[in-house]
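> got a sequence here, can you model it:
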Amino acid sequence: MANGEHLSLLQQAITTWNQWRADHPDIRPDLSATVLTAYDLTNANLSQANLRGVRLSGAHASQWDYFDYGHENTDGVAANFSASDLRNSKLSACNLSRANFSHADLRGAELCRADLDAANFCKANLSQANLSEASLKDTNFSGANLRGTDLSSTNLNRANLSGAT
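As a prediction, this is how the structure comes out:
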């Protein structure tokens, strides 16, 4: 169950949320089982958060700055989900292009029909996830676990699958 204080901070404004994250780096936010459909997550720092079972269907984040996959920084990232627990989450029909999901646990997540162009899934666990009909152009899956992942009707044009299993 989500922590009510954490949810309230996120709902106030992303700048408020990010400042709270910066002021409390030792707290792992708990937004598990939260419904945030059609939510604007532009520039949100959700790294290392418990987002297990969260519903983000229709959520979006827009950021068109340059993203350098050779480094594990978050400059130019639309939203940062790095090292987050997104198991069994619902992110269908989201626009999270350029989001950072590196080292995230997305086992069993639903990302069908999502726009994830240029997203970073480096070393993420996507086993048993549903990515059907997703747009994954220029997406980085290097070192990702894709075992049992549904990639039917996806656009993997220029995707980096090096080292993925």
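
> I'd like to know how far the residue of the chain most remote from its centre sits from Ala44.
In the chain, Asp23 marks the outermost C-alpha relative to the chain mean, sitting 22.3 Å out by CA atoms, centre = their mean. Asp23 sits at a distance of 16 Å from Ala44 (criterion: CB to CB, to the nearest Å). No exception for glycine: its C-beta is placed from N, CA and C like everyone else's.

> repeat that for Ile14.
Taking CB to CB, one finds Ile14 at 5 Å from Ala44.

> so those two - more neighbours on which side?
Using other CB atoms under 10 Å, the more surrounded residue of Ile14 and Ala44 is Ala44, with 23 against 17.

> and that one, backbone torsions?
Torsion angles at Ala44 (phi, psi; degrees, to the nearest 10) stand at phi -70, psi 130.

> one more: Asn155?
phi -100, psi 100.

> OK, contacts around the closest residue to it other than its chain neighbours?
Spatial nearest neighbour of Asn155, excluding adjacent residues (CB to CB, 6 or more residues apart in numbering): Ser135 at 4.9 Å. Contact analysis of Ser135 by CB atoms under 8 Å, 6 or more residues apart in numbering lists 97, 114-117, 154-155.

> with Gln19 instead?
Gln19 sits next to no residue when contact means CB under 8 Å, 6+ apart.

> that one and Leu10: what is the separation?
When Gln19 is compared with Leu10 (using CB to CB), they lie 12 Å apart.

> per-residue confidence for Tyr39?
If you check Tyr39, the pLDDT there is 89.

> thinking again about what came up before, now list the buried members of the contacts of Ser135.
97, 114-117, 154 (16 or more other CB atoms under 10 Å).
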